[in-house]
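*Asks:* Got a predicted model here, sequence first, then my questions.
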Amino acid sequence: MKLHVATGPSTTSFDIKTVCVVGLGYVGLPTACMFAKAGLKVIGVDVNERIVERLKAGEVTIIEPGLAELVKCLVESKQLTASNKVQPADAFIVAVPTPFRHDGTHAPDVSYIESAIRAIAKVANKGNLIILESTSPVGTTRHIMKVLHSARPDLQVATPDGNEGDIDFAYSPERVIPGSTTQEIVHNDRVIGGVTARSAERALALYKMFVIGKCHVTDDKTAELVKLAENAYRDVNIAYANELSVMCDRFGVDLWQLIELANRHPRVSILA
């Protein structure tokens, strides 16, 4: 799929009126709020009963500037509702954890994603759009297509021979930091990877309802690897800054002055 950048509203016909967001953490809840604020009916779903009950009361369980007020308003207007079970919708956003396994392998655990897809499969219909936002190994979006088809063999998924399938799948990772989520989720550029051209265009149309930043459209595998590359880049930079801190302590050097001076090099940007 050829990469292109969208800066204005998508021209794709828009057929999504309801969105079900599975996972109401620091990514899922702000995402649900932005879709609701844009005028869609949104159902927020989480297996944690406390999170669901608090949301039904118009309250939040995470600290994020501006989020509590926004949730209260959206719940009171009934644009945003909450449930511990996945509800029928036109589009589904999956934003559940993907921790490492504690079996010594440190392999990514995608069982939460698989559980979310199986729950979605129970209520899925032809024409639905499913978008994965969780940080995932390359190939996970195509893996969940198989998971859904296994649970619902009556629903066809896209195939390499060009069959679009009954359900559209896409991958679009978050690019936010806690403390600035409600701002960054709107203003940061977004990568949208579709399994097919149609799924990419539908996902683009959906996100352009609230994203002001540029939307970069590509395929699902590229989008998955982009997210992993971004995380790895930051991890390496953080580790490097920590090593510099240890060295500065050893030599009696001011770390902040070191970073400030080093960053004056035109091709150096050490995290401070």
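*Replies:* Looks like it arrived, so ask away. This one's a predicted model, so the numbers in the text were calculated from it and none came from an experiment.
*Asks:* show me the contacts for the nearest residue to A121 once chain neighbours are set aside.
*Replies:* Closest residue in space to A121, ignoring its immediate chain neighbours: A151 at 3.8 Å, by C-beta to C-beta, 6 or more residues apart in numbering. Every residue, glycine included, has its C-beta placed from N, CA and C. Shown in contact with A151 (C-beta atoms under 8 Å, 6 or more residues apart in numbering): 117-118, 121-122.
*Asks:* Same check on D15?
*Replies:* 90, 127.
*Asks:* any idea how far it lies from L206?
*Replies:* Using C-beta to C-beta, to the nearest Å, one gets 10 Å for the distance from D15 to L206.
*Asks:* Name the surrounding residues that touch the helix or strand harbouring I51.
*Replies:* Per DSSP states H and E, I51 falls inside helix 49-56. Outside helix 49-56, the residues that touch it by C-beta under 8 Å, 6+ apart are 24, 29, 44-46, 60-61, 71, 75, 80-84.
*Asks:* Number of residues surrounding the closest residue to S134 other than its chain neighbours?
*Replies:* Nearest non-adjacent residue to S134, counting by C-beta to C-beta, 6+ apart: T98, 4.9 Å away. Burial of T98 is recorded as 16 neighbouring residues (other C-beta atoms under 10 Å).
*Asks:* Please report phi then psi for T98.
*Replies:* Backbone torsions of T98, given as degrees, to the nearest 10, read phi -130, psi 70.
*Asks:* ok, it touching A107?
*Replies:* No: in this structure T98 lies outside contact range of A107 using C-beta atoms under 8 Å: 10.6 Å.
*Asks:* So which of the contacts of helix 49-56 sit within strands?
*Replies:* 44-45, 80-83 (DSSP state E).
*Asks:* Downstream of whichever helix in the chain runs longest, the next helix or strand is which one?
*Replies:* If you go by DSSP state H, the chain has its longest helix at helix 220-251. Moving toward the C-terminus from helix 220-251, the next helix or strand (DSSP H and E) is helix 255-262.
*Asks:* could you give the angle of that next one to helix 220-251?
*Replies:* On the basis of axes from the mean of the first three to the mean of the last three C-alpha atoms, to 10 degrees, helix 255-262 is oriented at 120 degrees to helix 220-251.
*Asks:* Is K214 in contact with D189, as I believe?
*Replies:* Yes: here K214 lies in contact with D189, judged by C-beta under 8 Å, at a distance of 4.7 Å.
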